[in-house]
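Colleague: 3D model of this:
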Amino acid sequence: MATATTTLADLAQPVHQQLQQYRVQQIQAVLTLLDEGNTVPFIARYRKERTGTLDEVAIRDIEDEAHRLQKLNQRRQDVLKLITEQGKLTPQLKQQLVQATALQQVEDLYLPYKQKRRTKATVAREAGLTPLAKWLLTFPASGLDARARTFIAADRGLTDLDAVWAGVHEILAETFSEQAAFREWIRRYTWQHGELTSKLKRGAEDEQQVYATYYDFHQALKQLPPYRVLALNRGEREKVLTVGIAVDPTSILQYGHFRLVGQHRGPAVAKITAAFADAYKRFLGPAIERELRRQLTDTAAAHAIQVFGNNLYHLLMQAPLKGKVVMGFDPAYRTGCKLAIMDANGRFLAKQVIYPHKPASAKQRAAAGPAFKRLLDQYHVEMIAIGNGTASRESEEFVSEILKTLDHPVYYVIVNEAGASVYSASANARAEFADLHVEERSAVSIGRRLQDPLAELIKVDPKAIGVGQYQHDVPEKALDEQLDRVVETAVNQVGVNVNTASPELLTHISGLTATTAQNIVTYRNDHGAFANRQALKKVPRLGPKAYQQAVGFLRIIAGSDPLDNTDIHPESYAAARKLLTAFHATPQDVGSPQLKHPLAQLNRSQWAQQLDLGTATLADILDGLQKPGRDLRDSMPAPLLRQDVLTMADLKPGMELQGTVRNVVDFGAFVDIGVKQDGLVHISQLADHYVSDPSTVVTIGDIVTVWVLSVDEQRQRIQLTMRQDHQA
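Modeller: Residues are numbered from 1 along each chain as shown. Sure, this is the predicted structure:
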């Protein structure tokens with residue numbers, strides 16, 4: 001049995017019992033590497049031979065299971081100690097605790113020994129009725145009342161026969177409710193046969209009929225989709241719904257009779273079955289309902305967190321719009337539209353406020369067009385990023401009309417501005433743009449989101465981005481942990497230019513902390529750009545371990561060593577240089593056409609042996625030599641560029657459009673088709689075949705072809721389909 005001080009590596013075998021899709025050697029390697037202080041991105045990228053090329057998801061699975069087992073072991077040790085101190089630990093109970101594989105089993109076994117508040121059963125035991133209760137369980141053939149009369153004692157509150165039997169009843173009911181075997185069976189039976197039910201709470205008001213679907217609702221527990229569990233919980237929390245679990249108790253009572261009574265006959269049977277029925281009604285039933293609802297909620301919350309994380313990953317991994325001068329356009333009515341110009345590297349150049357919409361005066365509106373056009377011409381703007389908030393569509397119409405008058409092509413993109421205002425008011429934004437107003441900083445953020453979504457969105461609390469469902473109904477700590485993991489994975493898969501990256505971006509690099517990230521930026525500002533990766537060792541508090549974990553994900557563009565602009569780790573530079581020498585090349589030839597062909601044709605197994613490398617590591621070195629500065633996001637769908645605008649009135653059933661997926665939820669996907677309201681592609685309309693999970697078909701940022709099914713202008717709802725057979 002593992003102890004509370006067990007290292008992760010010591011748990012390889014029990015982890016394998018739960019995660020048999022991975023070999024025990026892989027699990028052992030992952031846990032050993034984690035024990036050694038390696039990060040998940042580093043293990044996934046640079047220790048592929050040791051793990052058998054497991055990716056971040058698999059490594060996280062193994063890490064999470066090991067931590068679960070650590071918590072289980074800790075609790076098991078605590079319970080063993082507590083029961084031992086009571087002098088009640090039997091060999092059988094110890095074995096049951098040792099063999100428990102879930103925390104719930106440990107808690108069930110501990111329940112009879114757990115210190116609890118005074119109950120009626122406690123009072124009855126203190127009155128001396130435990131011997132009578134135990135005797136009753138021997139099923140005596142007669143003499144029950146006669147034996148019970150010997151326990152009457154007014155000074156202990158046992159004034160008559162009814163009081164004695166009432167006390168025995170309480171002892172039995174509490175004893176039955178604390179038996180682990182009963183709880184496990186009833187829990188399993190309720191899960192298999194129970195339903196979650198809801199009704200409109202008496203006197204409740206639901207004016208918008210948000211919860212109308214659940215006014216008289218029931219569904220089998222094991223069939224409930226996660227989003228429905230969270231919706232019911234919210235309705236209950238807002239005091240609109242009454243929610244509970246319904247299950248026919250007949251089989252449960254029969255089970256209790258079978259386990260407690262069996263073939264016995266006699267006068268004790270009625271008292272024992274009555275005690276069990278009461279135990280189920282007062283203790284077991286409500287406790288199991290709480291446990292199962294908590295289990296449903298935990299499962300639903302975990303799923304919602306996973307959906308949010310998956311959406312966030314794809315949002316962060318959207319293709320950047322490189323090398324373009326961009327205008328960020330933050331729409332508004334009364335306060336005017338804030339414009340900000342960024343050069344091709346994201347450097348802020350200029351700002352202006354225009355008033356193209358009412359309630360601005362006619363004079364202000366007339367001046368807006370020429371002012372806007374002057375900015376486009378003066379800074380040679382190539383792309384306009386329009387925020388999708390208030391006045392977005394009116395601003396889109398304004399921009400579209402101006403673009404039609406130009407003699408050269410300029411395009412616009414509708415950008416999700418969620419969280420831009422949160423960032424703009426933050427201390428980081430104030431430090432970066434102390435001279436700008438909050439709204440002007442927001443325009444910069446919107447523009448930069450188009451140029452490099454990852455670098456800009458990283459500055460925003462992920463929860464403020466809002467690409468999920470019910471994210472406000474899940475445990476904040478668990479959500480934060482998952483989103484931090486997603487951000488870490490995305491940032492390290494892409495890598496960063498260490499000479500331009502913000503402290504916020506560097507913080508998410510493997511091995512770096514907020515302090516070391518800031519130290520890198522401070523050192524860069526004080527000493528100039530880093531010429532090579534080796535120079536990073538001079539950064540204060542960036543020790544050997546942190547350097548090892550981080551350096552492969554930090555790029556030096558146009559530095560003294562071309563290998564520093566690849567994701568080849570410096571520990572593999574010697575092997576990379578041997579390869580280059582063998583092909584009569586130098587590091588300056590990295591990425592050249594004449595080098596790509598021979599590297600693509602070489603015998604990998606032969607060279608892996610010759611260089612004493614694993615084949616996976618060799619494959620990564622070859623990729624790095626052929627594709628320096630590679631960016632995974634370049635293979636993602638490019639933003640959908642527009643020059644003209646649609647309104648809901650333009651939409652007709654059957655119309656074919658292209659759109660950008662903005663959000664993916666359990667019941668479908670929301671697609672921006674260029675009108676004010678995103679359209680919904682219901683899960684049943686995502687494909688010509690059955691779809692159980694929308695994320696297997698679409699992800700955020702995808703450019704998709706859709707057809708209009710219906711338009712409800714009054715309710716501002718657009719129904720779309722992606723089915724090729726929609727006209728069939």
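Colleague: Now do the SS call for Tyr110.
Modeller: helix (DSSP: H, G, I helix; E, B strand; the rest coil).
Colleague: what's the pLDDT at it?
Modeller: Note for Tyr110: predicted pLDDT of 96.
Colleague: try Ala2
Modeller: Reading off the model, Ala2 has pLDDT 47.
Colleague: Ok, the one 3 residues further on next?
Modeller: Here the pLDDT value assigned to Thr5 is 58.
Colleague: next one: Asp461
Modeller: Reported pLDDT for Asp461: 82.
Colleague: So it is in contact with Val422, correct?
Modeller: Yes. With contact defined as Cβ atoms under 8 Å, Asp461 counts as touching Val422 (6.3 Å). All C-beta atoms are positioned from the backbone trio N, CA, C, and that covers glycine.
Colleague: Which one's more surrounded, those two?
Modeller: With neighbours defined as other Cβ atoms under 10 Å, Asp461 and Val422 compare such that Val422 has more, 17 against 12.
Colleague: Please name the spatially closest residue to that one (chain neighbours excluded).
Modeller: Ranked by Cβ to Cβ, 6 or more residues apart in numbering and with sequence neighbours excluded, the top spatial neighbour of Val422 is Ala464, at 4.4 Å.
Colleague: Also Glu63?
Modeller: Leu34 (6.0 Å).
Colleague: ok so that neighbour is a helix residue?
Modeller: Yes. Leu34 sits within a helix when classified using three-state DSSP.
Colleague: mind listing what it touches?
Modeller: 8, 40, 43, 63, 66 (Cβ atoms under 8 Å, 6 or more residues apart in numbering).
Colleague: The first one: neighbour count?
Modeller: Using other Cβ under 10 Å, Leu8 has 23 other residues around it.
Colleague: any idea of the pLDDT on it?
Modeller: On pLDDT, Leu8 comes in at 93.
Colleague: correct me, but it touches Asp35?
Modeller: Yes. Contact criterion Cβ under 8 Å: Leu8 and Asp35 qualify, at 5.2 Å.
Colleague: Quickly note the distance from the residue nearest to Glu63 to Met327.
Modeller: Shown here: Leu34 relative to Met327, a distance of 46 Å by Cβ to Cβ, to the nearest Å.
Colleague: max-length helix in this protein?
Modeller: helix 285-316 (DSSP state H).
Colleague: what's the pLDDT at the residue nearest to Val422?
Modeller: For Ala464, the model assigns a pLDDT of 80.
Colleague: Distance check, it against Thr335.
Modeller: In terms of Cβ to Cβ, Ala464 sits 21 Å off from Thr335.
Colleague: Likewise for Leu196?
Modeller: 47 Å.
Colleague: more crowded one of these two?
Modeller: Neighbours per residue, other Cβ under 10 Å: of Leu196 and Thr335, the larger number sits with Leu196, 23 against 13.
Colleague: ok but the more buried one is inside a strand, no?
Modeller: Yes. Using three-state DSSP, the assignment for Leu196 is a strand.
Colleague: For the residue of the chain most remote from its centre, pull up the helix or strand it's in.
Modeller: Distance from the C-alpha centroid of the chain, by Cα atoms, centre = their mean, peaks at Ala146 (64.5 Å). Take DSSP states H and E as the rule and Ala146 turns out to sit in helix 144-149.
Colleague: Just give me the neighbour total for Ile62.
Modeller: Neighbour count of Ile62, defined by other Cβ under 10 Å: 28.
Colleague: Same check on Ala154?
Modeller: Neighbour count for Ala154, taken as other Cβ under 10 Å: 9.
Colleague: same thing with Gln208?
Modeller: Gln208: 7 neighbours (other Cβ under 10 Å).
Colleague: now Gln714
Modeller: When neighbours are counted by other Cβ under 10 Å, Gln714 comes out with 6.
Colleague: list the contacts for it?
Modeller: Gln714 sits next to no residue when contact means Cβ under 8 Å, 6+ apart.
Colleague: Which parts of the protein belong to which domain?
Modeller: Domain segmentation of the chain under automatic domain parsing yields 9-113, 514-635, 648-721.
Colleague: Can you lay out those as a markdown table showing distance to Gly266?
Modeller: Formatted as a markdown table, these follow (distance: least, Cβ to Cβ, whole Å):
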| stretch | distance to Gly266 |
| --- | --- |
| domain 9-113 | 27 |
| domain 514-635 | 72 |
| domain 648-721 | 55 |
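Colleague: just so I know, which of those domains lies nearest Tyr355?
Modeller: domain 648-721 (20.5 Å; Cβ to Cβ).
Colleague: what about the closest one, start to end distance?
Modeller: Using Cα to Cα, to the nearest Å, the span of domain 648-721 from its first residue to its last is 16 Å.
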